[in-house]
Structure formats: C-alpha cells, structure tokens
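Enquirer: Model the following, please.
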Amino acid sequence: MATVETRPREQPAAQRNHALHLLHEMVRIRRLEEKSYELYSKGKIRGFMHLYDGEEAIAVGVMQALTPADAIVATYREHGQALARGVSPAAILAEMYGKQEGCARGRGGSMHLYDKATRFYGGNAIVGGHLPLAVGMALADKLRNLDRITCCFFGDGAVAEGEFHESLNLAALWQAPVLWICENNRYCMGTALDRHQSEPDIAKKAAAYRIDARAVDGMDVLAVEQAAQQAVDRIKAGAGPQFLECRTYRFRAHSMFDAELYRNKQEVQEWRSQDPIARFADSLKLSGLISDEDMEEIEAHVQDEIEKAVAFAEAATWEPVEDLERFVYAEAIPPDQRYPLPAPEPPSAETRSITYREAMREAMRAAMQRDERVFLMGADVGDYGGCFAVSKGMLAEFGPQRILGTPLSESSYTGAGIGAALNGMLPIIEIMTCNFSLLALDQIVNNAGTILHMSGGLFHVPLVIRMATGGGKRLAAQHSHTFDGWYAHVPGIKVLAPATVEDARGMLETALADPNPVIIFENSLLYNMKAELPVNAGPLPIDKAALRRTGRDVTIVAYGMALVKSLEAAEQLAGEGIDCEVIDLRTLRPLDDATIMASVAKTHRALIVDEDWRSGSIAAEIGARIMEQAFYELDQPVARLCGAEVPMPYAPHLEDASIPQVESIVAAVKGMVGHE
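Expert: Below you'll find the model as predicted:
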C-alpha cells in the first residue's frame, strides 16, 4: 500500500548543529541557483539549464540518510543533488561554463554533472533514461554482497516512460537495493500531472510493483530526512527497493527557455508561501534553536563561497581543441579494473571440432571461470539456454546470479547492464535479435556510447552486448534485418562481426577486456558452422581486419555471412581465372583502413559486399574511405553489392533475391574485370 507521511505538527527536537547544517545546505543550493540564473542571463552559461528552486528540502533531506559509499544517479535538474552530495560549487559552475576545471571537464554541462569522489554518477538528460542504470548499479552491489545503496532521483514526467515501469519491475524482481526518489513538482515540462497521468498518485504506481512506497511533504526537510532514513533502514534490513514520492513545487520555469504559459503567477506565489527554506528557518527560530544572527552568518558564508566559485569558473581554462577526441574511447585504466586476458600461447597442434555456437559459449564459460565479475544477462538465457542455445547448460554450471534471466524488457535490462558496468562488473548482455535492440537504442547510444565522454573520462562502461543479425531464415522483416552499420555509426561504441568459429571465440574474450562498450553481431546462419580449433585457442585482436584469401585481380571486402559467400564466390571465380583477394572486416568500428587500402593498392579494384541496405550502409562508408585514401590506386570506381532496399520479405525466393548471394557476387566481379 502507498502511504502518505507528513511531519508531525510539532517540530521534532533536533540538535542545533544538525539544524544549522540542513539550513546551510538548502541556502547554498538556493543561492547557487540564483547565481546560475544571473550568469545564464549574462550569457556566461548556455544550453539548457533546469533550476532546483523550491525543491531544496528533497536533496538535502535525502543526503542525510546516505553514506559516502552509496551512489547517486540523477536527472537533468541535478544541481541541488550534486551540491548536497558534496560536489563543490566551483566545480559545478566551471562545468556549466564549459571549462576543463569543471567536474566533468566541461564535457557534460548543466545537465550532466559527474563526480567520482562522491560517487555522483551524473545527471541524465533523457527523461527516465537513467532509471535502468540505477537498477544495474544496485544489482552489482548485491551480486558482490556490498552493503551499499543506489539512490535514483527523477521527476514526475519520468513516470510516463516505459523505463519507469520496466526498472521498478526489475528492481522489485531482483530485490535490488535502490532508493527511488520521485521529485513530483506537479509539471512534466509544461503539462500538469493530472493531464499526463490517468492515476496521478505516483506512490500508488510504485506500490503496484510490490515496492514499499510512501509519499512525503517534499517542502519539509525534516519530513524528507525522516522518510529517507526509514527507507534506507528498510533496504539495509533486506526489504528490497524503497520508493519515496516527494511532493514539491519548482518556483522557476522548467528551463531557461520556458515562457511558463501553462501556469499563472498566483499559483506560483501560493506555493512560494511554503518555501522550504523559510518554513524551516521560521520553525527553528520559533523553537529557539537559531537566531537572526545565525541566518546572517549562513548567508554571509554562502555568499562568500558562491563568489569564490564564480571567480574560479571565470578564471578556469578551456580544454584545448586538440583534445576534442579524448574520452570517446577509454584511455589507460588500472589493470585490476580490467578483465585479465590469458597470456598468448602458440597454437596447439591438438585440435577439436567445434561450432560457432559452441565457440561463443566456450568464450563466455572461460571468462566466467577466470573472473567473478563476468555475468550473462538477457531474456531466456537461463533455462531456455538463449534463443539460439548459445548459453545452453550455463545456468546449471554458474547459477542464477551469474546467468541472469530477464523479462522481455530490452531497454531496462540493457540499461541495467550499463549500470552494472559503471559499478565495477563485466556484464555480457544478450539481445535475441538486432531488431529487438531498437527497444534499447536509447540505452546503447545515449548512455553506453556517451557516459565516458560526458563525464570527462571519469566513468567507463566495460560492457559486451551480443545480438543475432541477418536474414535468410524465412522470418520476415521484424526478425531479419541487418543494423550493424547503424551501430557502427556511433562514436564511443566498438562493433564486431565475427564470421569464423575462431573469431567467435577469440574476439568475444578480447571484447571483455576492452574498457569500452562492445557490440558483437552474430549472424544466426553461422551458429551451426563447424571448424577445427586448437585446444588452447585464446583471445584475438578486435581492431584488425583479416586477409582471408590473397589475390591479384579484385579486392572483395565483406563481413559476417557475406564473407562466407564471398569466399565461396572467390573459389568459383578462381576456376575461371579470376584471382580475388578477400578481406574479412571483422570489426566495423573502428575500421581497419590500412588493411583495406593495402589490398586495393595491390588489386586496383574493390567490391564491397554488405547484406545491409545500400543507402547509408557501412559499404558506403568503406567506399568513401577508399576514394579518399586510395583514389589514384583504382582502375575503376568502387563497386557495392548490398541488400535490396526493401523490408525483409518472407517468401523464400524474394528473401533470397533481397540478399547478396554467391551468384550475384560472382556476377559483380565478372562485370568489374570484363568477363561475360
């Protein structure tokens, strides 16, 4: 049941020092926000800025219940939480200025404050996009038996997002130690709560997931503090996630771009009469705990601190343009934070026959045996053994805490994997098909791909996401597309497409040792492919293309199932006197330009075979790079053989016609070299 807690009519007996601390912290937030407003109006701060005026009691009250070991995940209106957590006003203002002395080196700005020392994991500008991260961070602590809490702040607008419901379900299902703090300020941007929710009682929504949920007066710092402490105590006692709906009001506009046409001044003034700072100060004076002199001293101290913070931000420096591409991918991180790859060995003469599917499983088993931080998560990866049976038998071997089956909620469990990675784990996320990954696109692109950069290099996301891809299975459009090139377009992510049994095993293991998010596309037609592998097969490079066949007449560039077909086509062409060199891209981001250009310089012709649609494909990117880097080596224009520009058909003859086949590759090469 959702219950409502309010402060008792009589002020609780509070120690003077604690009362002064609470008041001081709220005043700091208010004055920082007022100064931020002023600086924004002067053009010192740009972009979106969302002020916290009126909500100070929530951040200050909640922080009293948390320890330095606990983690904070916040939304875009996070200045108050950051300051109350211990991030300095100087670092916050310098960040809003965009200076490199800012808490995230000026790469995050107002909506993305990060601080490693205080375990402040940033604001998130995607409404609700950070809720799955909190689940994963809490899960990481639970899996390691760490007595820590993840506190997640969000607004009432996030309640409408699917990630709210998916995340609460996961948190309750896993009994993750999450403290949910909903700052219900009654407006989602410019839409009142009762206009965007059929049930405006947010605590009641959380209670529906069997989460202890309470509503509290968010304008009363002592009521918030008391409720937060009770919630923390329940989490520590093993009661699972807790939910506080803090009912509050923002005195200022949604953001600095907001003309506030949706509410009138009288409403704002009525709420200002409940100002949390004035209410608390008046009650303290009435009880004799503080005096007017105390208030003057607080104001003077805060004013001095804010003035020094402004001076710091003004004097701070701009990051050199030469550093623009820093923190897109991780720089060196301590060895104890990385997956320990086994030492390379010469290939053994002893081999065994193994399928692509078994090779993937073997790589995951080896990693999980070597490092307890590695775990597998995804829908049906447990009892079912994965949609394509890649994880078959692993549940019995490693147990449900390391082979973690999830609901069909791709966005939340992918986001949870990202959160677990941020908190020291090494997750492998399985998404059944790349089509389903579009449900998690926000988490992959806006979180996994950007957090390292936005945090100025503070937080890494060592995550592996596996997904099946490709057509040819008679499954029609929604299970058969090839989105490899889409993800290869995104900076901050590495994209692999192993096409051999050896690569399936070796590249997966190396991906786990990479401190960046890595996506592995597995063409489902390859799962049954067999090969002889050395018994000591180990890690393989994930940044180099492979020369699969040498030749002199034409360079064929391909990956995945298209590589298998290209090699078959090359053998046929060899019987007709045409000698093809075949390059296996293996890695779509970063592309190995050097291997491609060296081959083109040798053959002077290039054909790119790609099952993806032609427009905007990875084939188009490779073609452009060849033209830029090896134009004068070409005897004729670069050719592309790509998938037909149609949703994947179901009928067998149409599906076959929509994907490059051996016959079409042979024909394309013959057309290039002048053979009929």
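
Enquirer: now the helices: where do they sit in the stretch 401-550 of the chain?
Expert: 410-422, 434-437, 441-442, 451-454, 484-488, 501-512 (DSSP state H, counting those that start in this stretch).

Enquirer: buried sites along stretch 637-648?
Expert: Residues 638-643, 648 are the ones in stretch 637-648 that count as buried (16 or more other CB atoms under 10 Å). In this view, the C-beta of every residue, glycine as well, is placed from N, C-alpha and C.

Enquirer: Could you export stretch 492-508 as PDB, keeping only the C-alpha atoms?
Expert: Coordinates of the C-alpha atoms in stretch 492-508 are reproduced here as PDB (Å, rounded to 0.1, in the frame of the first residue of the first chain):
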ATOM      1  CA  GLY A 492      32.100   5.600 -28.200                       C
ATOM      2  CA  ILE A 493      31.000   2.100 -29.200                       C
ATOM      3  CA  LYS A 494      33.000  -0.700 -30.800                       C
ATOM      4  CA  VAL A 495      31.300  -3.000 -33.200                       C
ATOM      5  CA  LEU A 496      32.400  -6.600 -34.100                       C
ATOM      6  CA  ALA A 497      31.100  -9.000 -36.600                       C
ATOM      7  CA  PRO A 498      33.000 -12.300 -36.300                       C
ATOM      8  CA  ALA A 499      32.400 -14.600 -39.300                       C
ATOM      9  CA  THR A 500      34.600 -17.600 -38.300                       C
ATOM     10  CA  VAL A 501      34.500 -20.100 -35.400                       C
ATOM     11  CA  GLU A 502      37.900 -19.000 -34.200                       C
ATOM     12  CA  ASP A 503      36.900 -15.300 -34.300                       C
ATOM     13  CA  ALA A 504      33.600 -16.000 -32.500                       C
ATOM     14  CA  ARG A 505      35.600 -17.400 -29.600                       C
ATOM     15  CA  GLY A 506      38.600 -15.200 -29.600                       C
ATOM     16  CA  MET A 507      37.000 -11.800 -30.300                       C
ATOM     17  CA  LEU A 508      34.400 -12.300 -27.600                       C
END
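
Enquirer: buried residues in that stretch?
Expert: By neighbour count, and taking 16+ other CB under 10 Å as the criterion, the buried residues in stretch 492-508 are 492-508.

Enquirer: which residues touch residue 56?
Expert: With contacts defined as CB atoms under 8 Å, 6 or more residues apart in numbering, the neighbours of residue 56 are 25-26, 29-30, 80, 221, 276-277.

Enquirer: at 10 Å what do you get?
Expert: Contacts were defined as CB atoms under 10 Å, 6 or more residues apart in numbering; by that measure residue 56 touches 22, 25-30, 33, 80, 83-84, 218-219, 221, 248, 275-277, 280.

Enquirer: hang on, the earlier thing: could you list which of the buried residues of stretch 637-648 belong to strands?
Expert: Mapping those onto strands (DSSP state E) picks out 639-643.

Enquirer: where does the stretch 1-150 of the chain have low pLDDT?
Expert: Applying pLDDT under 70 to the stretch 1-150 of the chain picks out residues 1-14.

Enquirer: For it, just list every one of the helices.
Expert: Assigned helices in the stretch 1-150 of the chain, in chain order: 16-41, 56-63, 79-85, 89-97, 131-143 (criterion: DSSP H, counting those that start in this stretch).

Enquirer: ditto for the stretch 551-676 of the chain
Expert: Under the criterion DSSP H, counting those that start in this stretch, the stretch 551-676 of the chain carries helices at the ranges 561-574, 593-603, 618-630, 652-658, 662-673.

Enquirer: on contacts alone, who are the packing partners of the fourth one?
Expert: The one in question is helix 652-658. helix 662-673 (3 or more CB pairs under 10 Å, 6 or more residues apart in numbering; DSSP states H and E).

Enquirer: Contacts made by the helix it packs on with the rest, please.
Expert: With contact meaning CB under 10 Å, 6+ apart, helix 662-673 is reached by 553-554, 556, 558, 562, 564-573, 576-580, 605-609, 635-641, 656-657, 660-661, 675-676.

Enquirer: now the end-to-end length of stretch 485-494.
Expert: Terminal residues of stretch 485-494 lie 12 Å apart, using CA to CA, to the nearest Å.

Enquirer: Return the set of buried residues in that stretch.
Expert: Along stretch 485-494, these residues count as buried under the neighbour rule (16+ other CB under 10 Å): 485-488, 490, 492-494.

Enquirer: show me where pLDDT drops low in this structure?
Expert: Along the chain, the parts satisfying pLDDT under 70 run over 1-14, 192, 253, 255, 258, 675-676.

Enquirer: care to break it down by domain?
Expert: 14-314, 335-534, 546-673 (automatic domain parsing).

Enquirer: and the helices of the stretch 551-676 of the chain as CSV, adding mean neighbour count and distance to residue 422?
Expert: Written out in CSV, the entries for the helices of the stretch 551-676 of the chain read as follows (neighbours: other CB atoms under 10 Å; distance: least, CB to CB, whole Å):
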stretch, mean neighbour count, distance to residue 422
helix 561-574, 21, 34
helix 593-603, 18, 32
helix 618-630, 18, 29
helix 652-658, 14, 40
helix 662-673, 18, 43
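
Enquirer: Next, the residue nearest to residue 151 when sequence neighbours are not counted: secondary structure please.
Expert: Leaving out its chain neighbours, the residue that sits closest to residue 151 by CB to CB, 6 or more residues apart in numbering is residue 179, at 4.5 Å. Each residue gets one of three states, and residue 179 gets strand by DSSP: H, G, I helix; E, B strand; the rest coil.

Enquirer: Residue 179 contacts residue 63, doesn't it?
Expert: No: judged on CB atoms under 10 Å, residue 179 makes no contact with residue 63 at a distance of 11.2 Å.

Enquirer: Find residues that contact each of the two.
Expert: Taking CB under 10 Å, 6+ apart as the criterion, residue 179 and residue 63 both touch 70, 72, 151, 228.

Enquirer: now, the most widely separated pair of the residues you listed?
Expert: When these are compared pair by pair using CB to CB, the farthest-apart members prove to be 72 and 228, with a separation of 12.5 Å.

Enquirer: Neighbour count for the two, which is higher?
Expert: The neighbour count for residue 72 versus residue 228, taken as other CB atoms under 10 Å, is higher for residue 72 (31 against 24).

Enquirer: so the more buried one makes contact with residue 83?
Expert: No: taking contacts as CB under 10 Å, residue 72 lies outside contact range of residue 83: 11.7 Å.

Enquirer: For these two, list the residues in contact with both.
Expert: With CB under 10 Å, 6+ apart as the test, residue 72 and residue 83 both reach 59, 63.

Enquirer: Not counting its neighbours along the chain, what's nearest residue 167?
Expert: Spatial nearest neighbour of residue 167, excluding adjacent residues (CB to CB, 6+ apart): residue 131 at 3.9 Å.

Enquirer: How about residue 331?
Expert: With CB to CB, 6+ apart as the criterion, residue 331 has its nearest non-adjacent residue at 6.6 Å, and that residue is residue 457.

Enquirer: Could you list the buried residues of stretch 388-398?
Expert: Using 16+ other CB under 10 Å as the test for burial, stretch 388-398 gives 388, 390-392, 394-395, 398.

Enquirer: Can you lay out the residues you listed as a markdown table showing secondary structure and distance to residue 433?
Expert: As requested, these are exported to a markdown table (DSSP: H, G, I helix; E, B strand; the rest coil; distance: CB to CB, whole Å):
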| residue | secondary structure | distance to residue 433 |
| --- | --- | --- |
| 388 | coil | 9 |
| 390 | coil | 13 |
| 391 | coil | 15 |
| 392 | coil | 18 |
| 394 | helix | 20 |
| 395 | helix | 21 |
| 398 | helix | 24 |
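
Enquirer: Out of those, flag the one nearest to residue 525.
Expert: Relative to residue 525, the closest of the buried residues of stretch 388-398 is residue 388; by CB to CB it sits at 10.6 Å.

Enquirer: show me what contacts the closest one?
Expert: When contacts are counted by CB under 10 Å, 6+ apart, residue 388 is found next to 356-357, 360, 430, 432-433, 466, 468, 522, 524, 527-528.
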